[in-house]
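Trainee: Fold the following, please.
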Amino acid sequence: MPTTVKVDIGDLDSEKENLVKFLNSQFKLNPSIIPGGLEMNIADVSTFALARMVTKFVYRKNLNGTHWVNVKNNVVKINRFKPQKKEKVNKHPTTASTIHHGW
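Mentor: Presented below is the predicted three-dimensional model:
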């Protein structure tokens, strides 16, 4: 069984220090910084409790419109929403010509 819980920060590498400060000030956790995210002892916090804390951070930073948090195999990951492709709508639709021939 793994002894650590990891946080994969994704494309928010600039927010890594802010997340460490948030976890330390709000929840008295002291994560260590690793490439790509954070790591902490599983005895300090459970994976799902950490996911709730990271979700709270995402909401506080107002990133919830672009990012979401999930958990998989003791890794809490911050993902970016994939943009939806909009279907092109014809603004000026033309109707088919209906010519009635009299002959």
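Trainee: Quick check: pLDDT value at Trp103.
Mentor: The model reports Trp103 with a pLDDT of 66.
Trainee: Hmm, I typed the wrong one, I wanted Thr94.
Mentor: 81.
Trainee: what about it, is that helix, strand or coil?
Mentor: Look at Thr94: counting by DSSP: H, G, I helix; E, B strand; the rest coil, its state is coil.
Trainee: That one: neighbouring residues, count only.
Mentor: Neighbour count of Thr94, defined by other Cβ atoms under 10 Å: 6. For the C-beta atoms, the positions are set from N, CA and C on the backbone; glycine is no exception.
Trainee: Kindly provide the distance from it to Val71.
Mentor: As defined by Cβ to Cβ, to the nearest Å, Thr94 lies at a distance of 52 Å from Val71.
Trainee: what do you get for Val58?
Mentor: Taken as Cβ to Cβ, the span from Val58 to Val71 is 14 Å.
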